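Q: For reference, the sequence and a predicted model appear below.
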Amino acid sequence: MTCRETREYLYAFLDSELDAALSIELQRHLEHCPPCAQQAELERAIRRQLGSALESQVAEASTEEAALRRTIDRVTTQRRSFGLLSRRGYLITSAAAAVAIAVGVLSIMRPWDASESERCFAGLLVADFEHFQQEGRPLQIASAERGVVSSWLHDKTALPVALPIAGSTDVRLLGGRKCTLEGQPAAFALYEVDGVPVSLVAVSRDVARLIPKNPATGTHKPHFVDHCRGHTVVASMRGPLVYAAVSTLPAEQLIGLMPETNAEVPGGGHGTKVETH
């Protein structure tokens, strides 16, 4: 099941309206896709908050019908300028403000957990890579020319991408695509190293604020390594971007895909030479 299909079936899934087979398939997707799981959890939180709000209204009102009517009338008045909403829209809107306040209070009371951030960063990259492979590896540009793919990615994402130079016959650039991470454009290049697919994703530092904090040993520059669902994620900051390689290969083979700090912008004459051992 894809992310788009999950979004289409999510409300029916939470309402227990799906048949057993489809419900199981969607549940499995949520277990392996952090962004979709986060969306589902937010929807559940909104529904829980709505239930609490309605219970309070019922306690104060003489009948449950009167309490529900007041809630719906209040939401209708607040959202009248935006047009008519569906019944689900009424319910979600009435609880959204309360959920936002609760999240804000929790963020003040509880310090940020760095380990959660690290898992989230790796999870986003691995989920995108897995979906890309499940869809049959659809490339928007197919080329083995580093300059051609770098320039195309730069034009499509406005990111100053500088892909590495393959210094070994075991490393092949296949092409690239524009993707989205946390709502922001990202440049995705597909390589093969010893016949194993490797994605190299370039994102802005703002998007990659969840980068892992544990540096790989035995390297002369700071690289960051994390693992998620059988995949290795190696990330490195270069200029205004963060480059992250994702594959089932060990970190030592992925570190060579990290561009040097002096790598030129797309179309430049030099970059990192990729060598595998």
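A: Cool, the structure landed.
Q: Low-confidence regions, this structure specifically.
A: 53-68, 71-72, 74-120, 167-168, 207-222, 260-277 (pLDDT under 70).
Q: And it, what are its domain boundaries?
A: Domain ranges of the chain: 33-109, 115-274, per automatic domain parsing.
Q: burial measure for the nearest residue to His29 once chain neighbours are set aside, as a count.
A: Excluding the flanking residues, the one nearest His29 by CB to CB, 6 or more residues apart in numbering is Met1, at 4.5 Å. For glycine as for every other residue, the C-beta is placed from the backbone atoms N, C-alpha and C. Neighbours of Met1 under the rule other CB atoms under 10 Å: 17.
Q: ranges for the strands of the chain?
A: Secondary structure of the chain (DSSP state E): strands at 141-142, 165-166, 171-181, 184-193, 196-204, 224-228, 231-238, 241-247, 273-274.
Q: list the contacts for Arg172?
A: Counting by CB atoms under 8 Å, 6 or more residues apart in numbering, Arg172 touches Ala144, Ala166, Tyr191, Glu192.
Q: What separation do you get for the closest residue to Thr6 other than its chain neighbours and Ala245?
A: Nearest non-adjacent residue to Thr6, counting by CB to CB, 6+ apart: Cys36, 4.9 Å away. Distance from Cys36 to Ala245, counting by CB to CB, to the nearest Å: 24 Å.
Q: So which of these two has more stuff around it?
A: More crowded of Cys36 and Ala245, by other CB under 10 Å: Ala245, with 28 against 21.
Q: Looking at strand pairing, list the partners for that one.
A: Counting by DSSP bridges, Ala245 is bridged to Leu200, Val234.
Q: Was I right to think it contacts Met258?
A: Yes. Counting by CB atoms under 8 Å, Ala245 touches Met258, with 7.2 Å between them.
Q: Give me the common contacts of the two.
A: Val234.
Q: re earlier: got a markdown table for the strands of the chain, with distance to His154 too?
A: Below are those laid out as a markdown table (distance: least, CB to CB, whole Å):
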| stretch | distance to His154 |
| --- | --- |
| strand 141-142 | 12 |
| strand 165-166 | 17 |
| strand 171-181 | 10 |
| strand 184-193 | 8 |
| strand 196-204 | 10 |
| strand 224-228 | 24 |
| strand 231-238 | 14 |
| strand 241-247 | 11 |
| strand 273-274 | 20 |
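Q: Quick one: closest of those strands to Tyr11.
A: Proximity to Tyr11 (CB to CB) singles out strand 171-181 among the strands of the chain, at 22.6 Å.
Q: That closest one: partners in the sheet, and parallel or antiparallel?
A: Partners of strand 171-181 in the sheet, by DSSP bridges, are strand 141-142 (antiparallel), strand 184-193 (antiparallel).
Q: Put the alpha carbons of the longest one into PDB.
A: In other words, strand 184-193. In PDB, the C-alpha atoms belonging to strand 184-193 read as follows (Å, rounded to 0.1, in the frame of the first residue of the first chain):
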ATOM      1  CA  GLN A 184      10.500  20.700   1.400                       C
ATOM      2  CA  PRO A 185      12.200  19.800  -1.900                       C
ATOM      3  CA  ALA A 186      15.000  17.300  -1.800                       C
ATOM      4  CA  ALA A 187      17.400  16.100  -4.500                       C
ATOM      5  CA  PHE A 188      17.500  12.300  -4.900                       C
ATOM      6  CA  ALA A 189      20.300  10.500  -6.900                       C
ATOM      7  CA  LEU A 190      20.400   6.800  -7.500                       C
ATOM      8  CA  TYR A 191      23.700   4.900  -7.500                       C
ATOM      9  CA  GLU A 192      24.700   1.300  -7.700                       C
ATOM     10  CA  VAL A 193      27.700   0.200  -5.600                       C
END
